[in-house]
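Trainee: Here's my sequence, what's the structure:
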Amino acid sequence: MDYEEAVRQNLDVVYRAALACCQNPADAEDVVQSTFEKLLRSDTAFTDEAHLRRWLVRVAVNEGRNLWKSFWRRNVASLEGLNLEPVAPEGGQTALLEAVLALPVEYRTVLHLYYYEGYSTREIAQLLHLTEANVRTRMKRGRDKLRQQLTKEELK
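Mentor: Numbering: from 1, shown residues only. Model prediction:
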């Protein structure tokens, strides 16, 4: 597969993974750009399209983490609120996706990868360099927080 074809086929997946990490469309776009730049410079031999997709998601998650760990992010406070633009699957519930994106990053990332991208807990563990037990624990805690959050909203 050539570079342009890889970008066309994986752009949405990489953008959604980046948006889940960054919660900001502008930052997510930066992460996507640096992810595909790494692909262009990489000499990795991908065995199939699934291998390429996993590699791209892993790089996007790492780039998102690096963005949040940067000196600039740690020492500058934004004057504007975060502008969330959730991207729900066709026919999906955007309110639910917004609630997922409002969770802390460790829960938001695993829930997004599992429910919206269709990765298994084993694949998520490999992507995030976690144990499968840790992924399942984060998913349970994330679902509990999500349930609490949605229950509070229903009571209002």
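Trainee: Verify the stated contact: residue 58 with residue 130.
Mentor: No: the criterion here is CB atoms under 8 Å, and residue 58 misses it with residue 130 at 12.0 Å. C-beta coordinates here come from the backbone N, C-alpha and C atoms, glycine included.
Trainee: mind listing the helices for the chain?
Mentor: Taking DSSP state H as the test, the helices found in the chain are 3-22, 25-41, 49-69, 71-75, 94-101, 105-111, 121-128, 132-155.
Trainee: ok, and which of these has the densest surroundings?
Mentor: helix 105-111 (a mean of 21; mean count of other CB atoms under 10 Å).
Trainee: any residues touching it, and which ones?
Mentor: Helix 105-111 is contacted from outside by 20-21, 61, 68, 100-103, 124, 128, 135, 138-139, 141-143, 145-146, using CB atoms under 8 Å, 6 or more residues apart in numbering.
Trainee: Now do that helix, average pLDDT.
Mentor: The average pLDDT for helix 105-111 rounds to 92.
Trainee: same deal with stretch 23-39?
Mentor: pLDDT averaged over stretch 23-39 gives 91.
Trainee: Setting aside sequence neighbours, what's the nearest residue to residue 112?
Mentor: The spatially closest residue to residue 112, leaving aside those adjacent along the chain, is residue 20, at 4.1 Å (CB to CB, 6 or more residues apart in numbering).
Trainee: The one you found: what's it in contact with?
Mentor: Residue 20 is in contact with 101, 108, 109, 112, 113, 116, counting by CB under 8 Å, 6+ apart.
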